[in-house]
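Asker: one predicted model, sequence on top.
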Amino acid sequence: MKKVKSVGRSSVAKGKAAPKNVEEYLAGVPEPALSTFTKLRAAIQSAVPAEAAEIISYRIPAFKHERVLVWFAAFSNHCSLFPTAAVIEAFKNELKGFSTSKGTIHFPTDKPLPIALIKKLVKARVALDKAKK
């Protein structure tokens, strides 16, 4: 698992007023990040409970069902998924080819998204959340 520092990297939405909703966030995302971000968003949405709401938390989009399940964001050369450190640790073998940090997985905008893996990660996060209740 590659470890990366986020020094010098900034979300494409930073530097502007905090977006009030996901549509405002999307308006500030240029290509090629927008295409990758849209696919990432759809994959996450298909794996969270139907009752989950899409919100802005920490200036980035997130899906919330009683509490935030996952965050996701677009950057200039990658999109990130923030499924919590426990999920990343549980799937560390499957994430060996991706750049990760303690709570983040980076998906380059110039490579195909691993949709099945993303859904698996999000479902694992949902299951962890249910187990805590």
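Answerer: It's in.
Asker: what bits of this structure have low per-residue confidence?
Answerer: Applying pLDDT under 70 to the chain flags the ranges 1-16, 133.
Asker: where along it do the strands fall?
Answerer: 2-3, 53-57, 60-65, 67-74, 78-82, 99-100, 105-108 (DSSP state E).
Asker: most tightly packed of these?
Answerer: Counting by mean count of other C-beta atoms under 10 Å, strand 78-82 has the highest mean neighbour count of those, with a mean of 24. Using the backbone N, CA and C atoms, a C-beta is placed for each residue, glycine as well.
Asker: dump the strands of the chain to a markdown table, plus distance to residue 131.
Answerer: Rendered in a markdown table, the data for these read as follows (distance: least, C-beta to C-beta, whole Å):
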| stretch | distance to residue 131 |
| --- | --- |
| strand 2-3 | 27 |
| strand 53-57 | 21 |
| strand 60-65 | 14 |
| strand 67-74 | 13 |
| strand 78-82 | 19 |
| strand 99-100 | 23 |
| strand 105-108 | 21 |
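Asker: what's the closest of those strands to residue 118?
Answerer: Of all these, strand 78-82 sits nearest to residue 118, with 6.5 Å by C-beta to C-beta.
Asker: tell me who's in contact with residue 20.
Answerer: Residues in contact with residue 20, defined by C-beta atoms under 8 Å, 6 or more residues apart in numbering, are residue 56.
Asker: next one: it from residue 109, what distance?
Answerer: For residue 20, the distance to residue 109 under the criterion C-beta to C-beta, to the nearest Å works out to 25 Å.
Asker: please apply the same query to residue 33.
Answerer: Computed as C-beta to C-beta, the residue 33 to residue 109 distance reads 5 Å.
Asker: overlap in contacts of these two?
Answerer: Residues touching both residue 33 and residue 109 comprise 77-79, with contact defined as C-beta under 8 Å, 6+ apart.
Asker: identify the residues contacting stretch 71-82?
Answerer: For stretch 71-82, contacts defined as C-beta under 8 Å, 6+ apart pick out 9-13, 29, 33-34, 36-37, 40-41, 44, 57-58, 60-62, 70, 99, 103-110, 113, 118, 121-122.
Asker: now do that stretch: distance from first to last residue.
Answerer: With C-alpha to C-alpha, to the nearest Å applied, stretch 71-82 spans 5 Å between its terminal residues.
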